[in-house]
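> This is the structure alone, sequence omitted:
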Ligand SMILES: CNc1nc2c(CCNC[C@]34C[C@H]5C[C@H](C[C@H](C5)C3)C4)c3nc(N)[nH]c(=O)c3cc2[nH]1
Ligand SMILES: [Zn+2]
């Protein structure tokens with residue numbers, strides 16, 4: 001039986017956004033959904049209980065890092081990632097390719113796979129479609145990603161065309177190498193950069209193969225927002241309506257809303273956890289850098305419009321003090337609030353889709369958050 005099932009509930013009459021549910025062997029989650037990112041089998045500083053409290057039902061984990069440390073064999077011996085990290089919700093693992101390109105200084109892409117050096121000890125390593133499948137099979141994630149190449153931005157047409165064709169051949173090999181298709185879903189990743197014909201070719205190749213869902217890759221790699229939105233405008237319509245669509249590496253509140261409007265169901269981004277660790281918070285009135293001196297005697301919550309545990313019990317002055325003193329608890333508070341903020345934002349997006357008014361919601365939110373300021 002299919003491990004991943006997409007249930008379409010409705011499409012917003014005002015925009016192309018769709019309300020849905022994704023059913024997995026470890027529970028379901030409402031879409032559009034933001035997925036918190038756990039790099040080393042933990043969403044940094046958050047406990048599984050806190051992630052549940054925040055409302056996260058699916059998290060991302062990291063093939064590349066877990067392969068290098070502690071090794072997928074140890075995670076497999078622990079019974080898989082769910083028991084290793086004591087998380088009983090859904091887990092999505094990326095294939096590791098993106099990490100190789102963004103972390104290791106030496107790498108060589110060949111037809112058979114990618115040769116590179118470990119960013120930990122410089123050891124020569126090799127990642128192939130078959131290896132990426134074996135690692136994710138051992139980790140036991142509910143949603144696995146095919147091994148793809150995410151080309152840099154910008155990339156010239158000739159290179160992009162060759163890369164798309166190789167990514168499609170790798171996708172075929174991933175399907176072949178997938179050991180447990182009835183227990184773990186496998187998503188294909190559409191590439192093609194900003195070239196409409198290459199996006200069409202990539203989507204046609206991948207949708208002719210039987211994937212549980214489709215990701216749009218190659219974006220959020222430095223391109224302007226309007227380029228991302230244009231690529232989404234002509235790419236999402238190429239994807240089947242009865243399967244989830246995942247926009248990889250996105251993103252900021254405005255990109256989440258604009259992606260949902262263009263029919264995206266799933267998002268992931270390190271932003272909320274990464275900026276939290278330098279004391280920056282996302283609030284309904286825009287970004288707030290809590291270590292700023294003006295908050296030294298500010299005994300109000302991070303976000304007056306937020307009802308999270310942190311905003312109900314702690315003040316800007318206290319969190320500023322902790323962050324300035326480099327106290328771990330301070331980063332736990334900013335991380336908890338930022339994740340809650342994005343999970344809540346997606347709840348408001350789903351509510352707006354229900355009421356066919358996501359366009360109006362976008363206007364109000366952008367105005368209040370300050371996205372429209374020139
Ligand atoms: C930021 N922009 C962006 N990201 C991207 C990612 C990684 C998604 N996040 C997973 C990830 C990546 C890192 C950091 C955490 C944990 C783990 C390792 C998995 C999230 C991508 N991943 C793949 N396989 N392909 C892409 O084209 C791609 C494009 C992206 N553009
Ligand atoms: Zn809050």
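In hand now; what should we look at? This one's a predicted model, so the numbers in the text were calculated from it and none came from an experiment. Ligands and ions are numbered 1, 2, ... in the order given.

> Now do the buried residues in stretch 134-154.
Along stretch 134-154, these residues count as buried under the neighbour rule (16 or more other C-beta atoms under 10 Å): 134-151. (Glycine included, C-beta is placed from N, CA and C.)

> now, which of the residues you listed lie within strands?
Of the buried residues of stretch 134-154, the ones assigned to strands by DSSP state E are 143-145.

> and which of those is nearest to residue 350?
Residue 350 has its nearest neighbour among these in residue 143, at 19.8 Å by C-beta to C-beta.

> so which strand or helix has the nearest residue to the closest one once chain neighbours are set aside?
Distance criterion C-beta to C-beta, 6 or more residues apart in numbering; nearest residue to residue 143, sequence neighbours excluded, is residue 92 at 4.1 Å. Residue 92 belongs to strand 90-94 when assigned by DSSP states H and E.

> Not counting its own residues, what contacts that strand?
Strand 90-94 is contacted by residues 22, 24-27, 29, 35, 57-64, 81-82, 136, 139-145, 246, 248, 266, 268 when judged by C-beta atoms under 8 Å, 6 or more residues apart in numbering.

> Quick one: buried ones out of these?
Neighbour counting over these (16+ other C-beta under 10 Å) leaves 22, 24-26, 29, 35, 57-64, 81-82, 136, 139-145, 246, 248, 266, 268 as the buried ones.

> In contact with residue 12, which residues?
So residue 12 contacts 18-19, 261, 352-353, 356-358 (C-beta under 8 Å, 6+ apart).

> sorry, back to before: of the buried residues of stretch 134-154, list those near ligand 1.
With C-beta under 6 Å from any ligand atom as the criterion, the buried residues of stretch 134-154 include 145, 148, 150 near ligand 1.

> Find the helix or strand that the nearest residue to residue 338 once chain neighbours are set aside is a member of.
Nearest residue to residue 338, sequence neighbours excluded (C-beta to C-beta, 6+ apart): residue 272, at 3.7 Å. Assigned by DSSP H and E, residue 272 belongs to helix 271-276.

> Distance from the helix or strand just after that helix to the middle of the chain?
Once helix 271-276 ends, the next helix or strand along the chain (criterion: DSSP H and E) is strand 280-283. Distance of strand 280-283 from the chain centroid (C-alpha atoms, centre = their mean, to the nearest Å) equals 19 Å.

> Mind checking if strand 280-283 is in reach of ligand 2?
No. Judged by C-beta under 5 Å from the ion, strand 280-283 stays clear of ligand 2, getting no closer than 7.9 Å.

> helices and strands around that strand, which ones?
Applying 3 or more C-beta pairs under 8 Å, 6 or more residues apart in numbering; DSSP states H and E, we find strand 280-283 packed against helix 271-276, strand 286-289, helix 328-354.
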